[in-house]
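Visitor: Show me the folded form of this:
(4 chains)
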Number of protein chains: 2
Amino acid sequence: MRTVDPVKHAEKKRHITDTAAGLFATKGFDRTTVADICQAAGISTGSLFHYFPTKRAIFREIFEQDSADNEAMFAQARELSPWDGVLLVVDRLSEPALDRALAGLVVEIVAQASRDPELWELAARNERVVRDELAVLFQRAHDAGQIALSVSATTAASWTQGLVDGLYGRLVDPEFDAPEQVVTLRLILSRFVGAEAR
Amino acid sequence: MRTVDPVKHAEKKRHITDTAAGLFATKGFDRTTVADICQAAGISTGSLFHYFPTKRAIFREIFEQDSADNEAMFAQARELSPWDGVLLVVDRLSEPALDRALAGLVVEIVAQASRDPELWELAARNERVVRDELAVLFQRAHDAGQIALSVSATTAASWTQGLVDGLYGRLVDPEFDAPEQVVTLRLILSRFVGAEAR
DNA sequence: GTCTATACGCCGATAGAC
DNA sequence: GTCTATCGGCGTATAGAC
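Guide: Here you go, the predicted structure:
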């Protein structure tokens, strides 16, 4: 008989990571102090370090949560025609760029991953998984005659990710109009892979 | 008669910013200490603060140097045909992505700019200048019949920047082949704006 | 102009009572 | 499990001699 309730434990950790994620997104990892997180979460530092060994471990957990939803996304995409599946994935990957808070978190993840080898490895693996799943969809769409690839399916997949990355850069434009940008993104992608423009 | 030699002064500042830029690129701004910069530059903290009022001012100066070369780039582009001019600009904008150290600096600039309103404003202005100059080239290429735009020249220009941004994300791929990626980038852009594929 | 020395505050993490 | 109290160290920036 365990003395700890694993459900409660997980819920508490989740509360901490959710709180911390908001702070990391707005202030950045290095400028967010443990005291900030504790205050925002309504706990003490002693308690926080009961759940996480280091501040960095909190960040890592946020990143892992963030990349855990891919499988569900692709499962959903596989229920559609291949090309519609691609478009669904593009929409989903674009979502964080359209939300200021989430975009800030993504910026921070990139910045941290570019310094921390362990985080870099996690990010690279995640990127590869998405790319390879996307490549399968592209290949099927090609075989089904929905598109006409002139590059490898993997290249098409990788640059689909690149286009989504490019979406973040458009945020600097004060006249940024999210829905319109996503439409343009689809147009560029459609022409790239020889799909009918919609 | 001045007692300070403005040339020496500028050279010394440049030495400090060059040294600091390398450290910011590899360690990030927040994890680079003033002591780090002083040690690498071979000076004392007292001396450093004689040239810059704060650590952040060093970063800002690096950013300003970085965005000062645009005018020369577009002057060069204007000597070519409009579409060749676009391709030249794309190559130049892509260069930092192909160099690990410079890419690290760009990541850091994005991360810092997303928190610091003053830096954000500088970045946005710089982005707009490049976009507008690019838009002129796109419009001329269109009018000259080199391309067939189906979106506004400004949208084409903005997404050209987006594609270059997307290039940075491709760095996570350990099999990243820089020249090949730039070729693909050109292909995507060419199809987007209705240019003949090369 | 450049140095050494140091002020002064804050940070991540720990100790130990309850 | 949660708290309070606190440690040891480091960070930016300044003071003031040379």
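Visitor: Could you see whether chain B lies near stretch A:188-197?
Guide: Yes - contact of stretch A:188-197 with chain B (CB under 8 Å from any CB of the partner chain) involves A:188, A:191-192. All C-beta spots, glycine's among them, are computed from the backbone N, C-alpha and C.
Visitor: Which of those residues fall within strands?
Guide: With strands taken from DSSP state E, there is no overlap with the residues of stretch A:188-197 next to chain B.
Visitor: Now render those residues as TSV, adding neighbour count and distance to A:Leu134.
Guide: As requested, these are exported to TSV (neighbours: other CB atoms under 10 Å in any protein chain shown; distance: CB to CB, whole Å):
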residue	neighbour count	distance to A:Leu134
A:Ile188	23	16
A:Arg191	18	17
A:Phe192	24	13
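Visitor: For these, give me JSON lines that also has pLDDT and distance to DNA strand D.
Guide: Below are those laid out as JSON lines (pLDDT from 0 to 100; distance: CB to the nearest atom of the strand, whole Å):
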{"residue": "A:Ile188", "pLDDT": "98", "distance to DNA strand D": "41"}
{"residue": "A:Arg191", "pLDDT": "98", "distance to DNA strand D": "47"}
{"residue": "A:Phe192", "pLDDT": "98", "distance to DNA strand D": "44"}
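Visitor: Show only the entries of these found in helices.
Guide: A:188, A:191-192 (DSSP state H).
Visitor: what about chain A, any weak spots by pLDDT?
Guide: By pLDDT under 70, the weakly predicted segments of chain A are A:1-3, A:197-198.
Visitor: Try it again at 80.
Guide: A:1-4, A:196-198 (pLDDT under 80).
Visitor: Enumerate the residues of it near DNA strand C.
Guide: The interface of chain A toward DNA strand C, taken as CB under 7 Å from any atom of the strand, is made up of A:32-35, A:45-46, A:49, A:53-56.
Visitor: so which of those residues would you say is closest to chain B?
Guide: Among those, A:Thr32 lies closest to chain B (CB to the nearest CB), at 10.4 Å.
Visitor: list the contacts for the residue in chain A that DNA strand D sits nearest to?
Guide: Nearest residue of chain A to DNA strand D: A:Gly46, at 2.0 Å (CB to the nearest atom of the strand). Residues near A:Gly46 by CB atoms under 8 Å, 6 or more residues apart in numbering or on different chains: none.
Visitor: Over to A:Gly194?
Guide: A:147-150.
Visitor: Buried subset of those residues, written for ChimeraX?
Guide: Here is the ChimeraX selection string for the buried members of the contacts of A:Gly194, based on 16 or more other CB atoms under 10 Å in any protein chain shown:
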select /A:147,149
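Visitor: got CSV for the contacts of A:Gly194, with secondary structure too?
Guide: Shown next, in CSV, are the contacts of A:Gly194 (DSSP: H, G, I helix; E, B strand; the rest coil):
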residue, secondary structure
A:Ile147, coil
A:Ala148, coil
A:Leu149, coil
A:Ser150, coil
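Visitor: ok, which pair from the contacts of A:Gly194 is furthest apart?
Guide: The largest separation in those, counting by CB to CB, is between A:Ile147 and A:Ser150 at 9.9 Å.
Visitor: with the residues of chain A next to DNA strand C in mind, which one is nearest to B:Gln161?
Guide: For these, the residue nearest B:Gln161 by CB to CB is A:Thr32; the value is 29.9 Å.
Visitor: burial of the closest residue to that closest one other than its chain neighbours, as a residue count?
Guide: In space, and not counting its chain neighbours, A:Thr32 is closest to A:Leu23: 4.5 Å by CB to CB, 6 or more residues apart in numbering or on different chains. As a burial measure, A:Leu23 scores 18 neighbours (other CB atoms under 10 Å in any protein chain shown).
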